[in-house]
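Undergrad: no sequence for this one, just the structure:
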DNA sequence: AATGAATGAGTATTCATTCAT
DNA sequence: GATGAATGAATACTCATTCAT
């Protein structure tokens, strides 16, 4: 009866949804949530305004999905680092080098920071993001603990050091400043040096 | 009108202006610029909406003034640290302890971060803020260089280390997360440990 | 294609069209024209949105068809009453009893009332409906005139009395109020009593 | 301190509110609630769109206020009739003549009918309006009971007769049909004749 | 013919800014 | 100067209609 290919339709729907989130991530990271118009997201995604609403109930709904997928993407990233072959230094090096250069890393960092700190975000969202943020520190803490066992990394609470290191990376990522590279050629080894004995 | 009154009037104007900026700083830091209404600023400052416009031309004007006074306040703060009596460690300790706990520190950090990174901010503002940010790194770099001369602080480019340290502090300040203190009692010495040999 | 099939196709088309109008009648009567979405009509009719447009040019087109078929259905109803065997009282009784209880009576009454009175309806539609409404009063007027000739019904212009009686029925039908039956068990004889000498 | 006259301001506010409701009543009665734009109400009231929202939270809020004031206005009207000097016939005559010709009568009738019957109206509103409608029948029932005691009016439940009479008036009022007056010069005595013995 | 995804014009609502008092 | 009512441009969201499959 139906003249449409249901399976293919579903694939197209999933593809569209990813398309919208991808567009939203970059636009929102650059301008902030409230300054981003649905029309911006739609045109970046190459679709019409109305069609965005076929896939998401509201702008806030998009933001929520963005935050969730961002945190999941980060979790997979850091878990991947943890399970690499090699010394803990190698793992941390890989993490540092790749999160800095990864195309979505900056955008995810900016968006999650906004989600955690702005009172314009509903409190239950803020809290969920914060809880997950802390949970996402654990793989990094594990890498640090390994390094301490290997005698390479400074002593101290591994979770505390993880928080400090992640904060530093976030702080640096947020300094997307023109001209910053002229004063600092920040390479992973310079950043990791802070953790070393 | 006597010159006495004119002078007094001017003082009142300046006082009001500071009042408005103070209110704007806290409201904007919490909700972000676009989500903050002039009415919020006015009511926080305890004056009427219309009256705000007697002191500032527009919302953007308030933001610009905020950013400027914030950067100036930071500059004075860091210069003060640099000229303290004592070792470079003592100076950095004072800086770390006080900027973290200073009432306006958090708000200034949040606002300047937004001013630097959002495309919703006019480019000439972004650029001015960024340039001044780099300039404001110098007193910190000087303290670090002193510490290196004293043989206490790690080797490396002092401006680079300053950027890293400031980024870390900003990153930590932005983690105004409920529950974060249960996993990390961050004291100045733990943070400074990163810089030490 | 054989003429047999063409004929069959036409029947199917007519059937679908009636299906859509039937669905539209009930949805629109309940929510009003502007608050009714094409999607509501489609899903009530059990077909897809796109398919509705295979049978009607537009929402307004559906409404126009609805109004026409509603007025025709009413006309047939009242003509049927007029040509029943029996006294004029019997005819009026049958009319009163059955229009009140007839499944489409309420919906048709509501829709025609809207079509006649709302400025949101194009004027040429309003006028056509009104003209036909007046015309549709005539069979009722005839029944009343008969009753007057029989000496059972009050004196007075038969068309005027018809208008009054029909208005009363419409008014009552529009009082689809929960709880109304607890204060009034309205039976045809009570309503007809008004017309009697 | 305040440069505005508070008492005068309040009066102006009340005046504006009445202005908006008055405008809304006529526009909504003519076009229906969903087809009425806030811009229509605003321009009819002679103020700006934004200013409407200084006095009412939303379009639905306006509608609710309209319904309440409409029912109150009707109640006062019918109570006034009840307490007039004279026979019950005189009272009913006054009621019939004046509600028909009263400038707001038509609009109130149309709006209340919509409020009672459309599913587009939230159910708690529908129910409140219906309950009050039934309550508002009582003064009319009292007039009818008086008439029955005087031996002028037909026998029968007074509340039932009230419902029938009010429905008839509503039905007639809703027949705001061009050309209707050429077939029926409806005067109060013709309408009241229905109730007489 | 049937489907439902895609489009974009239309409307409710918000809020920076102005202005009469 | 101070106030807050008034304005209207801007934006989220809806829905009639079209169109590719």
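TA: Ah, there it is. In this text the structure is predicted, and so the values were computed from the model without any measurement.

Undergrad: give the next helix or strand downstream of the helix or strand hosting residue A:128.
TA: Element membership for residue A:128, per DSSP states H and E: helix A:123-149. Downstream of helix A:123-149, the first helix or strand assigned by DSSP H and E is helix A:158-174.

Undergrad: thinking again about what came up before, is the helix holding residue A:128 anywhere near chain B?
TA: Yes - contact between helix A:123-149 and chain B, assessed by Cβ under 8 Å from any Cβ of the partner chain, occurs at A:127, A:130-131, A:133-134, A:137. C-betas here are computed from N, CA, C, even on glycine.

Undergrad: what helices or strands is the helix or strand where residue A:12 lies leaning on?
TA: Assigned by DSSP H and E, residue A:12 belongs to helix A:6-31. Under the contact definition 3 or more Cβ pairs under 8 Å, 6 or more residues apart in numbering or on different chains; DSSP states H and E, helix A:6-31 sits against helix A:38-45, helix A:49-55, helix A:59-82, helix A:105-117.

Undergrad: closest to chain B out of those helices?
TA: helix A:105-117 (5.7 Å; Cβ to the nearest Cβ).

Undergrad: how far is the closest one from where the chain is centred?
TA: 7 Å (Cα atoms, centre = their mean, to the nearest Å).

Undergrad: which residues sit against that helix?
TA: For helix A:105-117, the external contacting residues (Cβ atoms under 8 Å, 6 or more residues apart in numbering or on different chains) are A:25-26, A:28-29, A:32-33, A:63, A:66-67, A:70-71, A:73-74, A:98-99, A:121, A:125-126, A:129-130, A:133, A:170, A:173-174, A:176, B:32, B:110, B:117, B:174-177.

Undergrad: buried sites along that helix?
TA: A:105-117 (16 or more other Cβ atoms under 10 Å in any protein chain shown).

Undergrad: out of the helices and strands packed on helix A:6-31, indicate the one that is most buried.
TA: By mean neighbour count, with neighbours taken as mean count of other Cβ atoms under 10 Å in any protein chain shown, helix A:105-117 ranks first of those at a mean of 22.

Undergrad: tilt between that one and helix A:158-174?
TA: 110 degrees (axes from the mean of the first three to the mean of the last three Cα atoms, to 10 degrees).

Undergrad: pLDDT on helix A:105-117, on average?
TA: Model confidence over helix A:105-117, given as mean pLDDT, is 92.

Undergrad: what's the residue nearest to residue A:79 when sequence neighbours are not counted in contact with, if anything?
TA: In this structure, residue A:79 finds its nearest non-sequential neighbour in residue A:139, 5.5 Å apart by Cβ to Cβ, 6 or more residues apart in numbering or on different chains. For residue A:139, the contact set (Cβ under 8 Å, 6+ apart) comprises A:75, A:78-79, A:81-82.

Undergrad: same list (those) but as JSON lines, adding distance to residue C:191.
TA: Below are the contacts of residue A:139 laid out as JSON lines (distance: Cβ to Cβ, whole Å):
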{"residue": "A:75", "distance to residue C:191": "73"}
{"residue": "A:78", "distance to residue C:191": "79"}
{"residue": "A:79", "distance to residue C:191": "78"}
{"residue": "A:81", "distance to residue C:191": "84"}
{"residue": "A:82", "distance to residue C:191": "83"}
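
Undergrad: closest to residue D:49 among those residues?
TA: residue A:75 (47.2 Å; Cβ to Cβ).

Undergrad: contacts only, for the residue nearest to that closest one when sequence neighbours are not counted.
TA: Ranked by Cβ to Cβ, 6+ apart and with sequence neighbours excluded, the top spatial neighbour of residue A:75 is residue A:136, at 5.4 Å. When contacts are counted by Cβ under 8 Å, 6+ apart, residue A:136 touches A:71, A:74-75, A:78.

Undergrad: got a pLDDT number for residue A:136?
TA: 96.

Undergrad: how far away is it from DNA strand F?
TA: Applying Cβ to the nearest atom of the strand, to the nearest Å, the value for residue A:136 to DNA strand F is 28 Å.

Undergrad: tell me which helix or strand comes right after the helix or strand bottoming out on mean pLDDT in chain A.
TA: None of the helices or strands of chain A scores lower by mean pLDDT, DSSP states H and E than helix A:180-183, at a mean of 65. Downstream of helix A:180-183, the next assigned helix or strand under DSSP H and E is helix A:188-193.

Undergrad: same for that next one, what does it pack against?
TA: Of the remaining helices and strands, those touching helix A:188-193 by 3+ Cβ pairs under 8 Å, 6+ apart are helix A:88-101, helix A:158-174, helix B:158-174.

Undergrad: what mean pLDDT does that helix get?
TA: Mean predicted confidence for helix A:188-193 is 86.

Undergrad: buried ones in it?
TA: A:188, A:190-192.

Undergrad: what does chain A put close to chain C?
TA: Checking chain A against chain C by Cβ under 8 Å from any Cβ, there are no hits.

Undergrad: show me what residue of chain A gets nearest to chain D.
TA: Closest point on chain A to chain D, by Cβ to the nearest Cβ, is residue A:58, at 17.8 Å.

Undergrad: which residues sit in contact with that residue?
TA: Contacts for residue A:58 (Cβ under 8 Å, 6+ apart) come out as none.

Undergrad: distance of it from DNA strand F?
TA: Distance from residue A:58 to DNA strand F, by Cβ to the nearest atom of the strand: 3 Å.

Undergrad: confidence score at that residue?
TA: 96.

Undergrad: closest to the centroid, which residue in chain A?
TA: Note on chain A: the residue nearest the mean C-alpha position is residue A:108, at 3.1 Å, using Cα atoms, centre = their mean.

Undergrad: returning to that earlier point: between the contacts of residue A:139, which is nearest residue D:159?
TA: Comparing those against residue D:159 with Cβ to Cβ places residue A:75 closest, at 69.8 Å.

Undergrad: tell me the spacing between the closest one and residue A:69.
TA: According to Cβ to Cβ, to the nearest Å, residue A:75 and residue A:69 sit 11 Å apart.

Undergrad: measure stretch A:175-194 end to end?
TA: 19 Å (Cα to Cα, to the nearest Å).

Undergrad: how about the residues of chain A near chain D?
TA: By Cβ under 8 Å from any Cβ, no residue of chain A approaches chain D.

Undergrad: could you give the number of residues near the closest residue to residue A:137 other than its chain neighbours?
TA: Excluding its sequence neighbours, the residue lying closest to residue A:137 (Cβ to Cβ, 6+ apart) is residue A:162, at 4.7 Å. By the criterion of other Cβ atoms under 10 Å in any protein chain shown, residue A:162 has 25 neighbours.

Undergrad: what does residue A:24 give?
TA: Count around residue A:24 with other Cβ under 10 Å applied: 27.
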